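Colleague: sequence and predicted structure are below.
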Amino acid sequence: GGAADKPQSKAKSSSSSGQSSLLSRPPKPGNVKYRADVSGGVVISAFDRNGWMTTDSDDWNVGWFNVNNIRAMFHPDSGVRLGDYQMVNHFPNHWELTRKDTMVKNIKRYMRETGKDADSDPIDRYIPVTYSLPADYNMFVEEFKRNPSAMWIMKPTNLAQGKGIFIITKLSQIKKWSQNPRWANAPPTRASYIISRYIENPLLVGGKKFDLRLYILVTSYRPLRAYECIHGFARFCNAKYTSDIGELDNPFIHLTNVAIQKHNEDYNSAHGGKWHVRDLRTYLEATRGIEATDRLFSQMNQLIIHSLLACQNVIMNDRHCYECYGYDLLIDDDLKPWLVEVNASPSLSTTTKSDRIMKQNLMSDIFKIVVPQDSWTEWRGAVHSGPCKATGSFVVLYDEAAEDEKRKNGGAGGGAGSSGAGEDDPLRGSARSSLGK
């Protein structure tokens, strides 16, 4: 995942003996307590704006912890059992979706289980050919020999912000990678890697490569309840794109991560090299036409839904959990979307004023959806809170129970964004995506 704010203190994962009695009573409005392992930033300001009180003991209702502290909390030996009125910001084994290797494995399994009927548009068409190293080395070599002129991109399975990534065109380069991290910011790690076909024909705007960061909030996996934030953005490289062999080591051409681009002398700190997804949509409608643009955005929504469904049966669905993922997608010159990765902790640090406002609103809207707004008395988790509703900057991406109900009643099921998406939603525009076409 991307970097969350640095934790300033550890979340205690020890359970005080009085915890269950404390938290078997719902908090009164105005008496909600939070606990977090970040200090300052948009997360804490969202808590404070809601009038919630901070606590250092185990009597919190809303917890915001990094993935390591969540893992410790849900570990069988931790002794922690969350109370009826507690919620946290990660699912226990989110890495089934957010680690690059497990995501690919789950999607491949999902494809085998669901089968590819002739009319379907299988999700693996939208994921670059990918292998885990060292485990799949022999299979990779066979594929490499079939396409000897292809470019491949290697990434550590568990790092973020563009660390340890490099592009290769020769098998001999793989043999060297463990001893020779070629990129200055690559930690000298022997962590397992994945290697994927590099998308050599990315869509360029002004000659520059970009990717998309979209925020997806999941409040339940079974049934799947997913929301999409309309304020996604494109992140641009500072240098013009080229696939010249001599420039493969230049991260300013190939890697869109802000953590890398901000070190380039051409980095613009006023807009941070970012475009709102609405601006991208307007640009594409003007240059490629409305129909092609609608198809692209519909495919992106389908891709996200199917990636969640692919992990649906392996994620531990806990009613105390919700998660906001940072989806990274790349668009190629044929207007085809590619799923690059899913981040469990999308960066909430802010580089520009508009970035700060967007992320403050993102946090505020997440809590409007996941935290009871009136009374906690009846709260039994997202599944028992009625149909998903568009809220703030979030539109409904997929409400599985509502879709099943529609199908039972003879409807086709509206699919992505069918429940209350606003007309000003740039991710959907004039098109209504429909799942399973």
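Modeller: On my side now, so go ahead.
Colleague: can you give me the domain assignment for this protein?
Modeller: 19-89, 129-198, 204-408 (automatic domain parsing).
Colleague: just checking, what's the longest strand in this protein?
Modeller: strand 208-221 (DSSP state E).
Colleague: got any ranges where the chain has weak pLDDT?
Modeller: 1-23, 116-121, 158-163, 175-191, 243-272, 411-437 (pLDDT under 70).
Colleague: let me see the ranges of the helices in it.
Modeller: 19-22, 41-49, 67-74, 95-98, 100-114, 137-146, 171-177, 251-254, 258-261, 277-288, 290-311, 353-370, 400-408 (DSSP state H).
Colleague: wait, which of the ones you listed is closest to residue 57?
Modeller: Closest of these to residue 57 is helix 19-22, at 8.7 Å (criterion: C-beta to C-beta). C-betas here are computed from N, CA, C, even on glycine.
Colleague: and stretch 290-303, what's buried?
Modeller: Residues of stretch 290-303 classed as buried: 293-303 (neighbour count, 16 or more other C-beta atoms under 10 Å).
Colleague: and for stretch 140-151?
Modeller: 140, 144, 151.
Colleague: which one of the residues you listed is nearest to residue 381?
Modeller: For the buried residues of stretch 140-151, the nearest to residue 381 is residue 140 (42.1 Å; C-beta to C-beta).
Colleague: with adjacent residues omitted, what lies nearest to the closest one?
Modeller: residue 131 (4.2 Å; C-beta to C-beta, 6 or more residues apart in numbering).
Colleague: how many other residues sit next to the one you found?
Modeller: 23 (other C-beta atoms under 10 Å).
Colleague: again with the one 4 residues further on
Modeller: Other residues within reach of residue 135 by the criterion other C-beta under 10 Å amount to 12.
Colleague: who touches it in this structure?
Modeller: residue 192 (C-beta atoms under 8 Å, 6 or more residues apart in numbering).
Colleague: that one and residue 192, how far apart?
Modeller: 7 Å (C-beta to C-beta, to the nearest Å).
Colleague: the residue nearest to residue 140 contacts residue 143, correct?
Modeller: Yes - Residue 131 is in contact with residue 143 according to C-beta atoms under 8 Å; the separation is 7.3 Å.
Colleague: returning to what we had before: let's have the buried residues of stretch 140-151 in TSV, adding distance to residue 25.
Modeller: Converted to TSV, those look like this (distance: C-beta to C-beta, whole Å):
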residue	distance to residue 25
140	56
144	61
151	59
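Colleague: ok, those residues vs residue 216, which is closest?
Modeller: For these, the nearest to residue 216 is residue 151 (28.7 Å; C-beta to C-beta).
Colleague: excluding residues flanking it in the chain, which one is nearest that closest one?
Modeller: Nearest one to residue 151, counting by C-beta to C-beta, 6+ apart, is residue 198 at 3.9 Å.
Colleague: what of residue 404?
Modeller: Closest to residue 404 by C-beta to C-beta, 6+ apart is residue 223, at 7.4 Å.
Colleague: give me the neighbour count for that neighbour.
Modeller: Count around residue 223 with other C-beta under 10 Å applied: 16.
Colleague: nearest spatial neighbour of residue 155, skipping sequence neighbours?
Modeller: Nearest to residue 155 is residue 165, by C-beta to C-beta, 6+ apart, at 5.0 Å.
Colleague: just checking, that neighbour touches residue 193?
Modeller: No - counting by C-beta under 8 Å, residue 165 sits too far from residue 193 to count as a contact (9.4 Å).
Colleague: touching both of these two, which residues are there?
Modeller: By C-beta under 8 Å, 6+ apart, the residues touching both residue 165 and residue 193 are 154-156.
Colleague: now those residues in a markdown table, with neighbour count and distance to residue 386?
Modeller: Compiled in a markdown table, the shared contacts of residue 165 and residue 193 are given as follows (neighbours: other C-beta atoms under 10 Å; distance: C-beta to C-beta, whole Å):
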| residue | neighbour count | distance to residue 386 |
| --- | --- | --- |
| 154 | 19 | 46 |
| 155 | 22 | 40 |
| 156 | 20 | 42 |
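Colleague: between those, which is closest to residue 396?
Modeller: Set against residue 396, the nearest of these by C-beta to C-beta is residue 155 (31.8 Å).
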